[in-house]
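Sequence plus the predicted model coming up.
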Amino acid sequence: MLQFFKSIFREEDFNLYEGDLKNAVKAKIVKLEKDLAEAVQKLSRTNSQKTKVKLEKSIDGIREAITDWKSHLQNPVKLKEYYLREWRTFHGSDHLPLWVELEIDFSDSYLAYLETL
């Protein structure tokens, strides 16, 4: 039996993926900044007090999320927690298969290759 995260995306592999992790965090920040700009624009156009309150709450939440994600870029401990808890689960399936069929007999292609030598 294969213990998935003991074989790939292991804790000790964090440094190998640090650049990819930072790029993923930066992409999240860019998306949140876009969402923030859209929410601010909607807020400036609305006349409904109820909508304004809702948008202001949303804007505060987006700003907090941006601050939090930016802290991941500055704090290696937070970045590693993201790697262990979330990032790696989206880069490999944690649905453990009951069986797997692997092709292991490559003798025909190897013998054909040897004939060309």
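Noted; the coordinates are in hand. Residues are numbered from 1 along each chain as shown.

and residue 81, how many residues sit next to it?
Per other Cβ atoms under 10 Å, the neighbour tally for residue 81 reads 13. Bear in mind the C-beta positions are built from the backbone N, C-alpha and C, glycine included.

any idea how far the host helix or strand of it is from the chain center?
For residue 81, the host element (DSSP states H and E) is helix 76-85. For helix 76-85, the gap between its own C-alpha mean and the chain's C-alpha mean amounts to 11 Å (Cα atoms, centre = their mean, to the nearest Å).

Give the buried residues for it.
79, 80, 82, 83 (16 or more other Cβ atoms under 10 Å).

can you redo those as TSV with distance to residue 107 and pLDDT?
Formatted as TSV, the buried residues of helix 76-85 follow (distance: Cβ to Cβ, whole Å; pLDDT from 0 to 100):
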residue	distance to residue 107	pLDDT
79	45	97
80	44	97
82	44	96
83	40	96
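
for these, which one is nearest residue 4?
Nearest to residue 4 among these, counting by Cβ to Cβ, is residue 83 at 14.7 Å.
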